[in-house]
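Q: Make a model of this:
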Amino acid sequence: MKTNHRRVSRVAVATAAAALCLAGAGQAQAATLGSITFYTGADQTGTAVRLDLEKVDVCQELTTPVRSFFAASNQSVDVFFNKGCTTGAPGRTGDVYYRTGTLGQGNLPYDAVSYRIRATG
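A: Modelled structure (predicted):
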């Protein structure tokens with residue numbers, strides 16, 4: 001009898017722990033996590049510009065062009081080389097833009113002048 005009681009107790013504890021983990025995971029996905037930083041120079045050099053990840057799906061202009069980034073977040077950023085989050089190479093129309101991803105770093109192919117934070121990674 002004691003053995004069955006212990007098994008039931010262990011199962012109950014494991015079930016409760018799993019439920020708490022799942023509840024916490026849902027909340028974590030809803031929250032903004034981490035940071036994304038642009039840099040005015042290549043290879044994460046120059047002046048750092050940390051992005052406000054709460055401004056989702058809003059086109060934002062940069063006061064100074066940026067050349068590189070570091071991303072460690074649950075969101076990604078679409079980076080544009082024309083004002084107004086317009087796609088295309090600088091001064092041209094087209095479909096060129098850059099997406100940072102959620103975890104990474106790198107140099108941008110052109111000077112970036114505007115960006116939009118995506119609702120999901």
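Q: Please count neighbours and contacts with C-alpha atoms only from this point.
A: Fine.
Q: how about the helices in the chain?
A: 2-30 (DSSP state H).
Q: Report the separation between Ala72 and Gly88.
A: Between Ala72 and Gly88 the distance, using CA to CA, to the nearest Å, works out to 26 Å.
Q: Would you quantify the distance from the residue positioned nearest the centre of the chain to Gly91?
A: With distances taken as CA atoms, centre = their mean, the residue of the chain nearest its centroid is Gln75 (2.3 Å). Noted for Gln75: a distance of 28 Å to Gly91, by CA to CA.
Q: cool, Gly84 as well?
A: Using CA to CA, one obtains 12 Å as the distance from Gly84 to Gly91.
Q: How about Val77?
A: Separation of Val77 from Gly91 (CA to CA): 21 Å.
Q: go on, Tyr98?
A: With CA to CA as the criterion, Tyr98 and Gly91 are 16 Å apart.
Q: okay, the two: which has more neighbours?
A: Shown here are Tyr98 and Gly91; by other CA atoms under 10 Å, Tyr98 has more neighbours (17 against 11).
Q: hey, what's the closest residue to the more buried one other than its chain neighbours bridged with?
A: Excluding the flanking residues, the one nearest Tyr98 by CA to CA, 6 or more residues apart in numbering is Val79, at 5.0 Å. In this structure, Val79 has beta-bridge partners Tyr98, Tyr115, where bridges are defined by DSSP bridges.
Q: Sweet, I'm off.
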